[in-house]
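>>> everything below, folded, please.
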Amino acid sequence: MRDIPHWIAGEAAEGRSGRSADVFDPATGEIQARVALANEEEVNAAVVAARSAFESWRSTPLSARAEVMFRFRGLLEARREELARAVTAEHGKVLADAAGEVARGIENVEYACGVPNLLKGGFSEMASKGVDVYSMRQPVGVAAGITPFNFPVMVPLWMCANAIACGNSFVLKPSERDPSASILLAELFAEAGLPAGVFNVVQGDGDAAAALIAHPDVSAVSFVGSTPIARRVYESGAQQGKRVQALGGAKNHMVVLPDAELDVAADAAVSAAYGSAGERCMAISVLVAVGDIADDLATAIRSRIEKLRVGPGTESGAEMGPLITAEHRDRVASYVELAKSEGATVVVDGREQRFEGSGFFLGASLIDHVKPEMRVYRDEIFGPVLSVVRAESFDEAIGLVNTNEYANGCTIFTRDGGAAQRFQSQVECGMVGINVPIPVPVAYYSFGGWRSSLFGDSHIYGPEGIQFYTRSKVVTSRWPDPATSRVDLGFPQNR
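Purely as a prediction, here's the structure:
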């Protein structure tokens, strides 16, 4: 049985807590590895290593930091397939989705490679007579990242690339469900020349996360996960005076107007709802069909679901893989029955699809005539279940989005430019798409939602990521005028 270790002070470290967790292959249901679960002592060892490495790393010239990030980016590119396979092996998503995840992670490293430009300050000469004022950005210290199971490569790179490029050291606590990718990242950082202790990994569960948040030498905490835990992480970290960015759950809406291209909208809905088995915070889980397009759209989506190939992520032609655990699969499946009992129409029941073996598979479900008061609408399901809500008007559709608890992402499909402009202006949501199924921003913008999808005031990666991992310092200076000063400057006055 393979054991997955921690990574502390530049090398793999076996777990010493006596606790471990099983790591499954979701496609077969078999245990494929064990991962150590850190105790408080092991968390402390990682933070001590990070704190020790911080002082020298923060003093490393920007050009040298950028060189490390460029080498790291090259290694990620060279090992792209290996990383994707590691994701598929433990998460279950199909290889194409895993490769896409790795690609988006690399984009964030590319952004961080520009750190000499990103950390440029401002300068005002002669703000007052003989007085100059200028600003600089400096690293915060030890930063911690607590990341979810659904993107074990991309989300850590959202955090650590900017944090490390800005001169911080970093401790990552990945999900214990698919932890191997974190060790691969650590090995690649070391190969790129990152000094020991600048990037550390502590495997673990909620106990390790709590110890990391509470550690007095951790200055900043980044978190991505469910809304209840995001709220708890934010409150705990903020009470201790730490910087916290905590991204929570989502209930992303896709609004389809009557003038939309039917086939384009149907294709987009299927890929956005069922890609990665719906286990992504940007998945479309509510389709708002406006006016008389609803029946045709539901029929078009149903016909596509019937052709959707569900199977192991490594299987050629598979379009949707299993869910992460048997327990999560069963929880997702329970919402189909719940929706039916609440009066919705189950158009396609993913529970009826049969699979060989003991993998954690569930077919795609489509539920029509969903009402906002139903739990299938209100709850974050995080699986391959798409709800269709019917709206009479554009204004009603916007109202649905704006009154939902979550405000992570939303999108509209239309050929009307005026309607698209109204939507982007009036909708209350952090990320908006126009004829784009999943509006994830590119790496040089920032990612984050509103309301219960974000706790704290900083979105993740991009410009806001740079701001989060640095502190601004303003310097006001005055120097004697060499022409009038009596101070011996050590060189001729007329030079």
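>>> residues in contact with the helix or strand of the chain with the lowest mean pLDDT: which ones?
Within the chain, confidence by mean pLDDT, DSSP states H and E is lowest for strand 123-128 among all helices and strands, at a mean of 91. Identification of contacts with strand 123-128 by Cβ atoms under 8 Å, 6 or more residues apart in numbering yields 132, 133, 134, 135, 476. In short, each C-beta sits where N, CA and C put it, glycine included.
>>> and if you look at stretch 470-483?
Outside stretch 470-483, the residues touching it (Cβ under 8 Å, 6+ apart) are 119, 127, 130-140, 166-167, 487, 489, 493.
>>> so which of those belong to strands?
Secondary structure from DSSP state E places 127, 131, 132, 133, 134, 135, 136, 137, 138, 139 of the contacts of stretch 470-483 in strands.
>>> residues near the first one, how many?
The number of residues packed near residue 127 is 14, by other Cβ atoms under 10 Å.
>>> re earlier: pick the one among the contacts of strand 123-128 closest to residue 376.
Within the contacts of strand 123-128, distances to residue 376 taken as Cβ to Cβ reach their minimum at residue 135, with 49.9 Å.
>>> re earlier: just give me how far the least confident helix or strand of the chain sits from the chain centre.
Relative to its parent chain, strand 123-128 has a centroid offset of 40 Å by Cα atoms, centre = their mean, to the nearest Å.
>>> before we move on, what about stretch 440-454?
9 Å.
>>> and it, which residues are buried?
By 16 or more other Cβ atoms under 10 Å, the buried positions in stretch 440-454 come out as 440, 441, 443, 446, 447, 448, 449, 451, 452, 453, 454.
>>> what does stretch 200-213 give?
So for stretch 200-213, counting by 16+ other Cβ under 10 Å, buried means 200, 201, 202, 203, 204, 205, 208, 209, 210, 211, 212, 213.
>>> quick check: end-to-end length of it?
Criterion Cα to Cα, to the nearest Å; first-to-last residue distance in stretch 200-213 is 15 Å.
>>> ok, stretch 379-399 next?
This stretch, stretch 379-399, spans 18 Å end to end (Cα to Cα).
>>> report the mean confidence score over it.
Mean pLDDT, stretch 379-399: 96.
>>> from the chain's centroid, how far away is it?
Remark: stretch 379-399 is offset 23 Å from the chain centroid, using Cα atoms, centre = their mean.
>>> if we can go back for a sec, what's the farthest-apart pair in the ones in strands among the contacts of stretch 470-483?
Farthest pair in those, by Cβ to Cβ: 131 and 139, 27.4 Å.
>>> neighbour count for the two, which is higher?
Ranked by neighbour count (other Cβ under 10 Å), residue 131 and residue 139 place residue 139 first, with 22 against 13.
>>> next, the residue nearest to residue 24 when sequence neighbours are not counted: phi, psi?
Of all residues not flanking residue 24 in the chain, residue 31 sits nearest, at 5.9 Å (Cβ to Cβ, 6 or more residues apart in numbering). Main-chain dihedrals, residue 31, degrees, to the nearest 10: phi -70, psi 130.
>>> read off the pLDDT value for residue 31.
Confidence for residue 31, expressed as pLDDT, is 97.
>>> tell me the centre residue of this protein?
Centroid-nearest residue in the chain, with Cα atoms, centre = their mean: residue 155, separated by 4.0 Å.
>>> ok, it - contacts?
Contacts for residue 155 (Cβ under 8 Å, 6+ apart) come out as 147, 148, 224.
>>> and with 10 Å instead?
101, 104-105, 108, 145-149, 172, 174-175, 222-225, 247, 281, 447, 460-461 (Cβ atoms under 10 Å, 6 or more residues apart in numbering).
>>> sitting in strands, which of those do you find?
Using DSSP E, the contacts of residue 155 in strands are 145, 146, 172, 222, 223, 224, 247.
>>> what about the ones in strands among the contacts of stretch 470-483, which one has the most neighbours?
Ranked by neighbour count (other Cβ under 10 Å), the ones in strands among the contacts of stretch 470-483 have residue 139 at the top, with 22 neighbours.
>>> not counting sequence-adjacent ones, nearest residue to that one?
In space, residue 139 is closest to residue 167, 3.6 Å off (Cβ to Cβ, 6+ apart).
>>> tell me which of the ones in strands among the contacts of stretch 470-483 is nearest to residue 93?
Nearest to residue 93 among the ones in strands among the contacts of stretch 470-483, with distances taken as Cβ to Cβ, is residue 139, at 33.8 Å.
>>> these two touch, right, that closest one and residue 243?
No: counting by Cβ atoms under 10 Å, residue 139 does not reach residue 243; the two are 11.7 Å apart.
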